[in-house]
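Asks: I need the structure of the sequence given here:
(chains A, B, C and D)
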Number of protein chains: 2
Amino acid sequence: MPAGPLPTIHEVARLAGVSVATVSKTLNRSGKVSELLQARVNAAARKLGYAPHASARSLRSGATRILGLLVADLANPYFLKLVESIEWLSSAAGYSVILCNSAEDPGREERHLAMLLSQRADGVIVIPTRRGWSGRQAALADLPMPGILVDRRIEGLDLDSVTTDNVALGRLAAEHLDDLGHRRIAVIMGSPEHQIARHRLDGLRSGLASRGTTLDERLIEKDNFSEAAGHAAAMRLLRHAQRPTAIFATNNHLSLGLLRAIAESGLTIPDDLSVIAVDEPPWAGLVRPGMTIVTQPSEAIAQTTVSTLLSRVSEGRSGVEGEARSIQLQPALVVRGSTAAIRT
Amino acid sequence: MPAGPLPTIHEVARLAGVSVATVSKTLNRSGKVSELLQARVNAAARKLGYAPHASARSLRSGATRILGLLVADLANPYFLKLVESIEWLSSAAGYSVILCNSAEDPGREERHLAMLLSQRADGVIVIPTRRGWSGRQAALADLPMPGILVDRRIEGLDLDSVTTDNVALGRLAAEHLDDLGHRRIAVIMGSPEHQIARHRLDGLRSGLASRGTTLDERLIEKDNFSEAAGHAAAMRLLRHAQRPTAIFATNNHLSLGLLRAIAESGLTIPDDLSVIAVDEPPWAGLVRPGMTIVTQPSEAIAQTTVSTLLSRVSEGRSGVEGEARSIQLQPALVVRGSTAAIRT
DNA sequence: TAGTCTTAGTTAAACGTTTTTCTAATGAAG
DNA sequence: CTTCATTAGAAAAACGTTTAACTAAGACTA
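Replies: Predicted coordinates for the structure are as follows:
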């Protein structure tokens, strides 16, 4: 790092023989500057290697062109996809992203939020941690900049949100399994206190009900969302007196645990057991002959999130504020080989 | 977002009945302030919900407490682990992280670097893209803030770096396979233009050589580092007249492709084929009976990276600059079931 | 020709901090 | 009873921008 102190706009102005205002206007393409001076300014800026000081700029202008991205769990491949897309879209729109991983820890989440407030991010995108929001909604509601929730909603919090229609997701799985003739269907649902898990289960249940099948409540495995929990739940199900003919795992971690359990048991998919999972983790290709999944439209979710947030940002607080928009996007069923018609 | 304009230090000062200097000193624990005034200031700050304006602070103080993290490829689980650890450590040290994904695109990388310069990040951590650095080293070398390379080094660039000892990594794989009696060993090496790939191959070759085995050059598969390439290479190897008894995949994407190919071929690990891979991707558990791997010490690498960078940051440009440190950490072999002694 | 409108540019204020310099008060030393 | 340090606090400058307010010079209108 050999360079001395960085050049300021004043040095550019001096070299170009103009005022700093002219430099600013030229570089920001605001206001009128003659072709001649524009050329001189640009040449000077390039020659000096001028890079505007973002802090100074935002101190004066009031906008940082920074978005905060607060992720509940970076290790979840689905969230990672969201992060990738959101970073991509933001950067295309001229915004930088401060990434914060709360690792499902409300304490970290809160500290990160305070930091983003100090940074005066122009907006914050939050995939909230699962627990710890009761009584803490104010932290988000009182944020002085626009915020938007992704994937998970927080009960009793009036904020823009973009989520998957998780009831529809459960219903898709139900209809597919029913079409294949499955009646003994198990669910590894994660934590029943979690809205998403409940919605997916509700969708499954109602989807089956509308086909005249009732879900066997004894085949609903409830615990948390970890791979270990998925593995344990799967083990219980596989040892069940009347083994289910199909298992629905409602999240990436859970389905990984499920697949591991199946591999350990020496069972074959889909002959011994049909499996349907949510989202497409990188390892979906390892399951022969391909994983049947219900996918959440991660690209569309990222897209909607960023554009909604940025439109709020440009509305500014001048706007009528309006109602909180809560946008639900539709999942899709991708049929591959891990589900098969039940043997007669 | 109901709150009006955020309170400034002046309003805190007025409410506490002191000067802004006293507020600043109190909040930053710098300078002497009496107990009494400290209490008044803290109370006032809390009451107003004061959050210092980071831009103003860094404009004046010259430090942003922001680190830039420029990642070549977020989709690589190994890099993701690094990102997680780095974010964690930085945030523990009081730094925020601006995450930039270059997705192996030098153009994006360059734009992100310019942005980080504008943001006046206190330091930048770079996992550089594979290509596109010839003639562009200056972009990093001339950075006015401390920078550090992780995982990949750039030839001809004199900058701190933290990497795995990849020759040792290859040698570990070689010795393990040799111990098990394998002689027909294949490598899916990725791109031969890439230093890491070459080092790992060199390590494998020399490791075998020191045991008296020569690596069959026809069993070295070269292409790029994608999953597709890994899959294709594996397919070629599996159809080989004399099928190798063991395959070494030198990267996460490649090993995923390899495993997929094996699953498709209906071969069993380790009976038909031993497999050794690098790093522990989430799906390692899906391979029965467990994946044998050579791991890079990602935690230690993250740790070393952050502490080295932060020490450079606090040295400031006052320091003697000193030599660039290039730190190599040692990989480790984790033996599980995917490698087995060759059948006699 | 005198007045008014544009236009292209400059000057200077402002953003919210930190930090240097300054001041007044207290206490110790001679 | 001075003088000199020491201290806690205040006043003010500075950081590098953007932008509002201003100016001078042409171009147009009456």
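
Asks: quick one, helices of the stretch 1-150 of chain A?
Replies: For the stretch 1-150 of chain A, applying DSSP state H, counting those that start in this stretch gives helices covering A:9-16, A:20-28, A:35-48, A:54-61, A:77-92, A:106-118, A:137-141.

Asks: out of those, which is the most enclosed?
Replies: When you average the neighbours per residue for each of those (mean count of other C-beta atoms under 10 Å in any protein chain shown), helix A:77-92 leads with a mean of 21. Every residue, glycine included, has its C-beta placed from N, CA and C.

Asks: for residue A:269, what are phi and psi?
Replies: Here is the backbone geometry of residue A:269 (degrees, to the nearest 10): phi -100, psi 130.

Asks: the residue of the stretch 151-300 of chain A found nearest DNA strand D and residue B:279: what is the separation?
Replies: As assessed by C-beta to the nearest atom of the strand, DNA strand D sits closest to residue A:160 within the stretch 151-300 of chain A, at 25.8 Å. Plainly put, residue A:160 is 38 Å away from residue B:279 if you go by C-beta to C-beta, to the nearest Å.

Asks: touching the helix or strand bottoming out on mean pLDDT in chain A from outside, list them.
Replies: Least confident helix or strand of chain A, by mean pLDDT, DSSP states H and E, is helix A:137-141 with a mean of 85. Helix A:137-141 has contacts (C-beta atoms under 8 Å, 6 or more residues apart in numbering or on different chains) with A:110, A:113, A:126, A:128, A:147, A:149, A:154, A:156-159, B:1-2.

Asks: buried stuff in stretch A:190-205?
Replies: Of the residues in stretch A:190-205, A:190-191, A:194, A:196-201, A:203-205 count as buried by neighbour count, 16 or more other C-beta atoms under 10 Å in any protein chain shown.

Asks: inside strands: which ones of those residues?
Replies: Of the buried residues of stretch A:190-205, the ones assigned to strands by DSSP state E are residue A:190.

Asks: neighbouring contacts of stretch A:159-171?
Replies: By C-beta under 8 Å, 6+ apart, stretch A:159-171 touches A:140-141, A:146-153, A:196, A:199-207, A:278, A:294, A:296-297, A:301, A:304-305, A:308-309, A:312, A:324-331.

Asks: give the buried subset of the residues you listed as a PyMOL selection command.
Replies: In PyMOL, a selection of the buried entries from the contacts of stretch A:159-171 looks like this (16+ other C-beta under 10 Å):
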select buried, chain A and resi 140+141+146+147+148+149+150+151+152+153+196+199+200+201+203+204+205+207+278+294+296+301+304+305+308+309+312+329+331
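
Asks: out of the contacts of stretch A:159-171, which are close to DNA strand D?
Replies: Among the contacts of stretch A:159-171, no residue sits close to DNA strand D (C-beta under 7 Å from any atom of the strand).

Asks: quick revisit: how about the contacts of helix A:137-141 in TSV, adding distance to residue B:181 and pLDDT?
Replies: Shown next, in TSV, are those (distance: C-beta to C-beta, whole Å; pLDDT from 0 to 100):
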residue	distance to residue B:181	pLDDT
A:110	56	93
A:113	57	95
A:126	55	97
A:128	53	95
A:147	60	94
A:149	57	96
A:154	58	90
A:156	65	85
A:157	62	88
A:158	67	87
A:159	62	92
B:1	67	60
B:2	72	56
